[in-house]
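Participant: I'd like to go over a predicted model; first the sequence, then the structure.
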Amino acid sequence: MSSHTPKPKFTWHYYMMGLGAFASLIAVSLLAWSALVSAVAFIIVAHPVLRLTGALRLVFLVVFAVMYVFSFPSIEVIQAQMMR
């Protein structure tokens, strides 16, 4: 029994999902849990199955990217963590 369903095209959504996965790995390595949540939300919103209009998806992606950048701890905390 084989189904002949058409494969979805490889679009920019998958690049954004890969960027979100990379961002989540960085967040986990620094134990920045709020950054991890923002990165996972970025991955979910970038998924092509989600039917969001172009502008709405872009707004959500920008919001989650900004939240990701500002959710990391200060540089002193990161340096102390790396010295352990």
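Facilitator: Arrived safely, thanks for sending.

Participant: Just the CA trace of the particular helix or strand that has residue 68 in it, in CSV.
Facilitator: Residue 68 is part of helix 54-70, with elements assigned from DSSP states H and E. Extracted in CSV, the C-alpha atoms of helix 54-70 (Å, rounded to 0.1, in the frame of the first residue of the first chain):
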residue,chain,number,x,y,z
GLY,A,54,3.0,36.8,5.6
ALA,A,55,2.8,39.9,7.7
LEU,A,56,1.4,38.2,10.8
ARG,A,57,4.1,35.4,10.7
LEU,A,58,6.8,38.0,10.2
VAL,A,59,5.6,40.0,13.2
PHE,A,60,5.6,36.9,15.4
LEU,A,61,9.1,35.9,14.2
VAL,A,62,10.5,39.3,14.9
VAL,A,63,8.9,39.4,18.4
PHE,A,64,10.3,36.0,19.3
ALA,A,65,13.7,36.9,17.9
VAL,A,66,13.8,40.1,20.0
MET,A,67,12.6,38.2,23.1
TYR,A,68,15.4,35.6,22.4
VAL,A,69,18.1,38.2,22.3
PHE,A,70,17.0,40.0,25.5
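
Participant: Give me the distance from the helix or strand following it to the chain's centre.
Facilitator: For helix 54-70, the following helix or strand on the C-terminal side (DSSP H and E) is helix 75-83. How far helix 75-83 lies from its chain's middle: 23 Å, per CA atoms, centre = their mean, to the nearest Å.

Participant: All good on my end, thank you.
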